[in-house]
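J.: please find the sequence and the predicted model below.
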Amino acid sequence: MRVGLFVTCLADLMRPSIGLAALKLLEQTGCEVVVPSTQTCCGQPGYNAGERGAAQALARKLVAEFSDCDYVVVPSGSCSGMIKTHYAELLADIPDIKAKAEWLAARTWELTDFLVNVAGLDDIDARFDGTVTYHDSCAGLREMGVKSQPRELLSKVAGLTIREMEGAEQCCGFGGTFAVKYGDISARLADLKCEDVEKTSADALVLGDLGCMLNIEGKLRRRGNSHTKVLHVAEVLAGMTGDEIE
Amino acid sequence: MAARENILSRIRAANASLQTGDGAQSTASRLAGHPRGPLPTMGWDPLQRFIDCSIAAASTLDRVDKREGVPVAVARYLSENGLPMRGVCWPEFADLDWSGAGLEMQARSANGDDKVGVTGSFCALAETGTLLLLSGEQQHATTSLLPETHVAVVSKKRVVVCMEDAWDLLRKEVGHLPRQVNFVSGPSRTADIEMTLVYGAHGPFRVHIIITDE
Amino acid sequence: MEITSARFKKVASQKLADPKVQAALANAKGRFVVARARAIKDLDNFEEIRQAAADVRDHCLANLDQYLEEWERKATAAGTIVHWVESAAEMTRVVLEIARSNEVRKVIKSKSMLGEETGMNEYLERGGIDVRETDLGEYIIQQANEHPSHIIAPATHKSKDDIADLFAQKHQRPRLDDITKLTHEAREILRPHFLDADMGITGANFLVAETGSTMIVTNEGNGRMTTTMPRVHVAISSIEKCIPTLEDVSLIMRLLARSATGQSISNYISMTTGPRRQGDSDGPEQFHVIIVDIGRTRVLGSDLRPALRCIRCGACMNHCPVYQNIGGHAYGWVYPGPIGSVLTPAYVGLEKALDLPNAATMCNQCGVACPVKIPLPDLMRKLREKQTQLKLSPASQRAGMGAWAWLASRPFLYGLATKVAVRLGKLAGGKESMLHRLPFAGREWTRGRDLPAPRGRTFREIYAARKKN
């Protein structure tokens, strides 16, 4: 089973440990993991900004890069959602690519969903001593149906306790370009998310999308909260929750 | 009539370009066959469901054996709640012994001064605790609307499962719609101020349902 | 109604900073959401019903000409006088003509969004007609000379205290401090108007083709009053409200109140077919229905078509994190929230509402709550694409996205550029690895929050190095 890992541009740039953690987890399942070296961005920023042409160019590139994989796995609900639920529509008017895009969309999985429902990963070789609360990112939840999968995996991490927050499914206000176009509204939504996180007194907020991570962590620190860790679910599951990136 | 033709031709043009029209055949058959949509599972006893949902809709209920028992039940309800012992009723109840129950009841349509209105009902919906009232010569719409207290009489046999059943009954027994069909589910209410529920917005403050067992 | 959508961003920021608005929104927030969630549990096949309702609405739209003609045939046969109008100006003119030809001095009005769209009240008042809104929320808004901030809870932005002050001033009565008393005072004030108004105006939740009926749904009973007491009744309805049969009414009624207020059914569903019949003791002598286009046929032929399925429940705004925090006024026209972000550009022009399709996080909390499955984020994205095509989006955004796509399509250059960028980013982040102030577009980000800094190396270079070893 040949599994292509799409790291996402955001993780590539901002938090490479997420990609490394995802890689480690996929290797643990015994799959053959390939990481196309030319991968960059799935085109979502342009797509959601109404820049269809820009999005199409990047989507075509990604479809070609992963065309020899049995699965595409992405440590992000929103980027996997982009491929799975939007590529077919985005590439619909390019006849020779459309079928490939649909084929790829059907094989694209969010990381935790893949680990639970395809790879059947049972043993989690990781330890986290503390309480975590999980934020359901919008695209992961509503496009990819990711809800129980990360919780199921996290519950197998030694030492870890999950404490649910109120409004876990409420949007954190990131929204891609929304965050830099409507900063006041975006920051308010992030504030409310931070309140819900802090009310749980969890040691860490865990989530599956880097966009939301940057937004919520940035808001927590601005609020003066330096103690609540903000971690990607892959980092926790791979036992890579320190500052080291290698 | 230019507007009519313009609008209809724009609709046709819009639909033609999207090739979505199902054709006259399918609209005609839908209108004639009026198929039901998917229904939720309704595994409950209709009468019990009607009672439960009426209470949930803030109506109150009473039961009598026969319609002749209605005046006494109305009198009991009004006096227990300190309400006026007079009002108006639909003509179908003019023959009942209201004065014998201590009530002054006139069989006419209601005006703004009437405090109590007694109506019958075409049928009642178990699914939602709803009364179905038809307007008509003998079924004054104002009686269930203007008075502060609305008392509705419904026969146990006229409790149907859901709105779809009510339409079928209406098609079978009346064949056409009267000027107005009103579904009433409890007293008038609003939550327009700070989302706080208040009864008696413009219509009745209370709806009391008397179920006759005959 | 005046369109102020161009000031969205400014008004939104004002509303965020206004403690009174925030208190009112905080009170409403969650209540609708919780009530809906509870109400839909009562339907064990909710998703099946929801899909069927979406299908019915699509079927109506696909055959709208035939259903409207059938509706007209049946309505006319029942004695309804049917008018067709294409524009707002035509609609208000027809309403005023009906009023004048019947020597109408006073109108009582039940809630109508179409009335808001067309500025009908103001037009009638300029024509010398006394118009009384009767829905409590609409009445409050009319007294305060404001616009609704929510389609089913128009005065949700006002507190009890605001309303107490308003009523004391307008009613010239002692100030009340209790919501029940305020509600009953409005009842008392409005009751005589119901009894002596010459004409009633209502909207229509639906037109039922099978029977030629108009249908309205209310909780207060003002809809029943308005359709029963005055001697003339005028209903205004846009074309897309037409549905085929009474069974379709039943289907949609299982969803409407649940999605709106969390009730299993609205208090009053009133189906009106023609004027007072021979022998009837009540009901209007004349019943007019005005069928209105105002932009609907344009939307029908566009890729925004699914928006015409809308049954006006308000669930999309109730579930929208943006609406929940800024309220309805910033949207600047009749329909706030996600559906407004689609309908406002569609009906009044994209150039007048550039912010609306963009001011959404694409979280799709609206889309999953919509009882007729309108894909609201997808429709907003189509409007964003249109802005790009028409060069209405900011030039900097178009340039930025173009540059990003150019770079990201060239893996080698991308690798070089990102290597430099993440090193600079790490430096700027300092010891705490946090960026506090960003330049350019990033300023909007760091005004309200920090940004965790890059770690100094990209995944791609770490991975490449690892492979080499």
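T.: Thanks, I have it. Given the structure is predicted, the values throughout are model-derived calculations rather than measurements.

J.: give me the neighbour count for the closest residue in space to residue A:142 that isn't next to it in sequence.
T.: Distance criterion Cβ to Cβ, 6 or more residues apart in numbering or on different chains; nearest residue to residue A:142, sequence neighbours excluded, is residue C:364 at 4.7 Å. Placement of C-beta: from N, CA and C, glycine included. Close neighbours of residue C:364, defined as other Cβ atoms under 10 Å in any protein chain shown, add up to 23.

J.: over to residue C:427?
T.: Residue C:427: 11 neighbours (other Cβ under 10 Å).

J.: test my guess that residue B:78 contacts residue B:103.
T.: Yes. Residue B:78 is in contact with residue B:103 according to Cβ atoms under 8 Å; the separation is 7.5 Å.

J.: return the residues in contact with the residue of chain B found nearest chain A.
T.: Closest contact between chain B and chain A, by Cβ to the nearest Cβ, is at residue B:18 (15.6 Å). Residue B:18 makes contacts with C:62, C:301, C:305, as judged by Cβ atoms under 8 Å, 6 or more residues apart in numbering or on different chains.

J.: look up how far residue C:333 lies from the second one.
T.: Distance from residue C:301 to residue C:333, counting by Cβ to Cβ, to the nearest Å: 22 Å.

J.: between these two, which one's more packed in?
T.: Set side by side, residue C:301 and residue C:333 give different neighbour counts by other Cβ under 10 Å, the larger being at residue C:333 (23 against 16).

J.: okay, the more buried one: pLDDT?
T.: Looking at residue C:333, its pLDDT reads 96.

J.: run through the residues that contact it.
T.: Residue C:333 neighbours (Cβ under 8 Å, 6+ apart): C:1, C:3, C:4, C:5, C:340, C:344, C:348, C:353.

J.: do the host helix or strand of residue C:255 and chain B meet?
T.: In this assignment (DSSP states H and E), residue C:255 forms part of helix C:246-260. Yes. Residues of helix C:246-260 contacting chain B under Cβ under 8 Å from any Cβ of the partner chain: C:246, C:247, C:248, C:249, C:250, C:251, C:253, C:254.

J.: distance of the closest residue in space to the last one that isn't next to it in sequence relative to chain A?
T.: Going back to what we said before, that points to residue C:254. The spatially closest residue to residue C:254, leaving aside those adjacent along the chain, is residue C:49, at 5.7 Å (Cβ to Cβ, 6+ apart). Here residue C:49 is placed at a distance of 20 Å from chain A (Cβ to the nearest Cβ, to the nearest Å).

J.: ok, residue C:297 next?
T.: 25 Å.

J.: is it true that that residue touches residue C:238?
T.: No. In this structure, residue C:297 is not within contact of residue C:238 by Cβ under 8 Å, at 10.2 Å.

J.: the more surrounded of those two?
T.: Comparing residue C:297 with residue C:238 by other Cβ under 10 Å, the one with more neighbours is residue C:297, at 24 against 21.

J.: how would you label the more buried one: helix, strand or coil?
T.: What DSSP: H, G, I helix; E, B strand; the rest coil gives for residue C:297 is helix.

J.: nearest residue to it other than its sequence neighbours?
T.: residue B:10 (3.7 Å).

J.: ranges for the strands of chain A?
T.: Under the criterion DSSP state E, chain A contains strands at A:2-5, A:32-34, A:71-74, A:108-110, A:127-135, A:158-162, A:204-207, A:229-232.

J.: TSV for those, including mean neighbour count and distance to chain B?
T.: Formatted as TSV, these follow (neighbours: other Cβ atoms under 10 Å in any protein chain shown; distance: least, Cβ to the nearest Cβ, whole Å):
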stretch	mean neighbour count	distance to chain B
strand A:2-5	22	38
strand A:32-34	16	42
strand A:71-74	25	33
strand A:108-110	27	30
strand A:127-135	19	28
strand A:158-162	15	33
strand A:204-207	25	31
strand A:229-232	23	35
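
J.: dump those strands to CSV, plus distance to residue C:287 and mean pLDDT.
T.: Converted to CSV, these look like this (distance: least, Cβ to Cβ, whole Å; pLDDT from 0 to 100):
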stretch, distance to residue C:287, mean pLDDT
strand A:2-5, 66, 98
strand A:32-34, 71, 97
strand A:71-74, 59, 98
strand A:108-110, 56, 98
strand A:127-135, 54, 97
strand A:158-162, 61, 98
strand A:204-207, 57, 98
strand A:229-232, 62, 98
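
J.: now do the contacts for residue 4.
T.: Looking at chain A here, since you left the chain open. So residue A:4 contacts A:33, A:34, A:35, A:36, A:65, A:66, A:69, A:71, A:72, A:73 (Cβ under 8 Å, 6+ apart).

J.: chain B is the one I meant
T.: With Cβ under 8 Å, 6+ apart, residue B:4 has these contacts: C:84, C:291.

J.: what helix or strand does it sit in?
T.: Going by DSSP H and E, residue B:4 is in helix B:2-18.

J.: what is the mean pLDDT for the very next helix or strand once past that helix?
T.: Under the assignment DSSP H and E, the closest C-terminal helix or strand after helix B:2-18 is helix B:24-33. Averaging pLDDT along helix B:24-33 gives 91.

J.: so which elements touch helix B:24-33?
T.: helix C:64-77 (3 or more Cβ pairs under 8 Å, 6 or more residues apart in numbering or on different chains; DSSP states H and E).

J.: relative to helix B:2-18, how tilted is the helix it packs on?
T.: 150 degrees (axes from the mean of the first three to the mean of the last three Cα atoms, to 10 degrees).

J.: what residues of helix C:64-77 count as buried?
T.: C:64, C:65, C:66, C:67, C:68, C:70, C:71, C:72, C:74, C:75 (16 or more other Cβ atoms under 10 Å in any protein chain shown).

J.: my guess is the fifth one contacts residue C:209. True?
T.: Right, the one you point to is residue C:68. Yes. When contacts are counted by Cβ under 8 Å, residue C:68 is listed as touching residue C:209 (7.5 Å).

J.: so where's chain B shaky on pLDDT?
T.: B:1, B:19-22 (pLDDT under 70).

J.: show me where it has helices.
T.: Along chain B, counting by DSSP state H, helices occupy B:2-18, B:24-33, B:46-56, B:70-80, B:163-173.

J.: now these as a markdown table including distance to residue C:293?
T.: Putting the helices of chain B into a markdown table (distance: least, Cβ to Cβ, whole Å) gives the following:
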| stretch | distance to residue C:293 |
| --- | --- |
| helix B:2-18 | 5 |
| helix B:24-33 | 20 |
| helix B:46-56 | 40 |
| helix B:70-80 | 50 |
| helix B:163-173 | 30 |
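
J.: and these: which comes nearest residue A:122?
T.: The closest of those to residue A:122 is helix B:46-56. By Cβ to Cβ, the value is 46.8 Å.

J.: which residues does the residue nearest to residue B:181 when sequence neighbours are not counted bridge with?
T.: What sits nearest to residue B:181 in space, not counting adjacent residues and going by Cβ to Cβ, 6+ apart, is residue C:271, at 4.2 Å. Per DSSP bridges, the residues bridged to residue C:271 are residue B:181, residue C:215.

J.: these two touch, right, residue C:271 and residue C:208?
T.: Yes. Residue C:271 lies in contact with residue C:208 (Cβ under 8 Å); the separation is 7.0 Å.

J.: who has more neighbours out of the two?
T.: Neighbours were counted for residue C:271 and for residue C:208 using other Cβ under 10 Å; residue C:208 has more, 26 against 23.

J.: now check stretch C:311-322, is it near chain B?
T.: No. If you take Cβ under 8 Å from any Cβ as the test, stretch C:311-322 misses chain B, and the best it gets is 11.1 Å.

J.: any idea how far that stretch is from the middle of the chain?
T.: 7 Å (Cα atoms, centre = their mean, to the nearest Å).

J.: quick check: neighbours shared by residue C:68 and residue C:209?
T.: With Cβ under 8 Å, 6+ apart as the test, residue C:68 and residue C:209 both reach residue C:242.

J.: that older thread, reformat the buried residues of helix C:64-77 as JSON lines; add pLDDT.
T.: Listed next are the buried residues of helix C:64-77 as JSON lines, based on pLDDT from 0 to 100:
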{"residue": "C:64", "pLDDT": "97"}
{"residue": "C:65", "pLDDT": "97"}
{"residue": "C:66", "pLDDT": "96"}
{"residue": "C:67", "pLDDT": "97"}
{"residue": "C:68", "pLDDT": "98"}
{"residue": "C:70", "pLDDT": "98"}
{"residue": "C:71", "pLDDT": "98"}
{"residue": "C:72", "pLDDT": "98"}
{"residue": "C:74", "pLDDT": "98"}
{"residue": "C:75", "pLDDT": "98"}
